[in-house]
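> Just to be clear, the model below is a prediction. Sequence and coordinates:
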Amino acid sequence: MRVLLTGITGFIGGVVADRLLDEGYQVRAQLRPKPGRTGLEHWSERGVEIVEGDLADVAFVAEICRETAVVFHVGWQANRPHPTIL
């Protein structure tokens with residue numbers, strides 16, 4: 001079964017990814033685009049499909065959710081202010 005995971009580069013997302021992989025799930029991980037990103041080799045070696053894109057892009061979200069049974073949304077962009085807090 002394929003699952004979609006946001007936040008794989010964070011502590012909680014990494015723990016969730018490890019557990020899902022250990023349980024035999026196919027993990028597709030969404031990352032915000034970031035030039036020069038490093039440190040994803042561990043996930044690639046474990047078979048994680050990494051896709052980069054913005055979750056604010058509805059078409060992108062629809063595409064990455066295709067053929068996905070479950071979404072684990074544990075990502076957060078801490079440096080982006082919430083619109084209601086401005």
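That came through fine.

> Distance from the helix ranked longest in the chain to the middle of the chain?
Looking only at the chain and at elements set by DSSP state H, the helix with the highest residue count is helix 11-22. Taking C-alpha atoms, centre = their mean, to the nearest Å, one finds helix 11-22 lying 11 Å from the centre of the chain it belongs to.

> The next helix or strand after it to helix 11-22, inter-axis angle?
Tracing the chain past helix 11-22, the next element assigned as helix or strand by DSSP states H and E is strand 26-31. Here strand 26-31 runs at 160 degrees with respect to helix 11-22, directions being taken by axes from the mean of the first three to the mean of the last three C-alpha atoms, to 10 degrees.

> and strand 26-31, C-alpha only, in CSV?
As requested, C-alpha coordinates have been extracted for strand 26-31 and formatted as CSV (Å, rounded to 0.1, in the frame of the first residue of the first chain):
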residue,chain,number,x,y,z
GLN,A,26,5.5,2.2,0.0
VAL,A,27,6.3,5.7,1.1
ARG,A,28,6.0,8.8,-1.1
ALA,A,29,7.4,11.8,0.6
GLN,A,30,6.6,15.4,-0.3
LEU,A,31,9.2,18.1,0.2
